[in-house]
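Novice: Give the three-dimensional model of this entry:
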Amino acid sequence: MAMDKHLLRQDVLRQRDVLTAREVAEASAAIARRFVKTPFYLQASSILIYYPKGKEVNTEPIIQHALRSGKTVALPVTDPATRTLQLFAIRNPDADLVTGNYGIKEPRPDRCMPIALRDIDLVVAPAVAVDTEGNRLGYGLGYYDRLLASYDGLIALVVYNLQVLFRIPADPHDVLTQYVVTESRLIECNKLNK
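Specialist: Purely as a prediction, here's the structure:
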């Protein structure tokens, strides 16, 4: 199964990485517009979201919208030694974020307040791919797997259509995603799982 996931990850990343800057910008804008209208986002008073890197869906418009809407917005700080995430609430991305591990912008702990996972209503996790049952394929380092194992709130993904696959191999400990937002649709995985 690990080899299946590795090959699947490589294949999807190859497809994603050939997207042009214009395709990324247009698809990301469409995803953000759809995401901020969803009931699960509108009802959340606090969200944990990742900062984009490379050709990932640009989450900056969602971050800005959430801050303008008065939501608590948390981003993770990675700890490579333990492969865990520490969460911090931000107020001003320009001042509160610096380039951290893996070349990803992370909150500055000296400027931002720590926040507990239990205080987060909605997690927007990064993903390489997802299937319509809510099985998420991450980058393979396990940061979010460890974090989400103790989380009982809502999980959503923002991905391109090309990242939604028919089936992803799943382990018994994998945590299912409830919602997936792409440039053309909202997938309610929790309804499909009932």
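Novice: going forward, measure contacts between C-alpha atoms and count neighbours the same way
Specialist: OK.
Novice: For stretch 40-60, measure first residue to last.
Specialist: Stretch 40-60 stretches 18 Å from its first residue to its last (Cα to Cα, to the nearest Å).
Novice: What residues of that stretch count as buried?
Specialist: For stretch 40-60, the neighbour count (16 or more other Cα atoms under 10 Å) marks 40-41, 44-51, 55-60 as buried.
Novice: ok, those vs Leu19, which is closest?
Specialist: Within the buried residues of stretch 40-60, proximity to Leu19 (Cα to Cα) peaks at Lys55, which comes in at 7.4 Å.
Novice: would you say the closest one is within a helix?
Specialist: No. Lys55 is assigned coil when assessed by DSSP: H, G, I helix; E, B strand; the rest coil, not a helix.
Novice: Once you drop chain neighbours, what's closest to it?
Specialist: On the basis of Cα to Cα, 6 or more residues apart in numbering, the spatially nearest residue to Lys55 that is not a chain neighbour turns out to be Asp17, at 6.1 Å.
Novice: what about stretch 149-160, average pLDDT?
Specialist: For stretch 149-160, the per-residue pLDDT values average out at 95.
Novice: contacts for it?
Specialist: By Cα atoms under 8 Å, 6 or more residues apart in numbering, the surrounding residues in contact with stretch 149-160 are 27, 31, 35, 40, 56-57, 117-118, 120-127, 129, 173-183.
Novice: With only the CA atoms kept, save it in CSV.
Specialist: Coordinates of the C-alpha atoms in stretch 149-160 are reproduced here as CSV (Å, rounded to 0.1, in the frame of the first residue of the first chain):
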residue,chain,number,x,y,z
ALA,A,149,-5.9,11.6,14.7
SER,A,150,-7.1,13.5,17.8
TYR,A,151,-9.4,15.9,16.0
ASP,A,152,-13.2,15.4,16.0
GLY,A,153,-14.2,18.6,14.1
LEU,A,154,-14.8,19.3,10.4
ILE,A,155,-12.1,18.7,7.8
ALA,A,156,-12.1,20.2,4.4
LEU,A,157,-9.8,20.2,1.4
VAL,A,158,-9.3,22.7,-1.4
VAL,A,159,-7.9,21.0,-4.4
TYR,A,160,-8.0,21.1,-8.2
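Novice: Next up, the contacts around the residue most central in space within the chain.
Specialist: For the chain, Ala125 is the residue whose C-alpha lies nearest the centre (Cα atoms, centre = their mean; 2.3 Å). With contacts defined as Cα under 8 Å, 6+ apart, the neighbours of Ala125 are 48-50, 144, 155-158.
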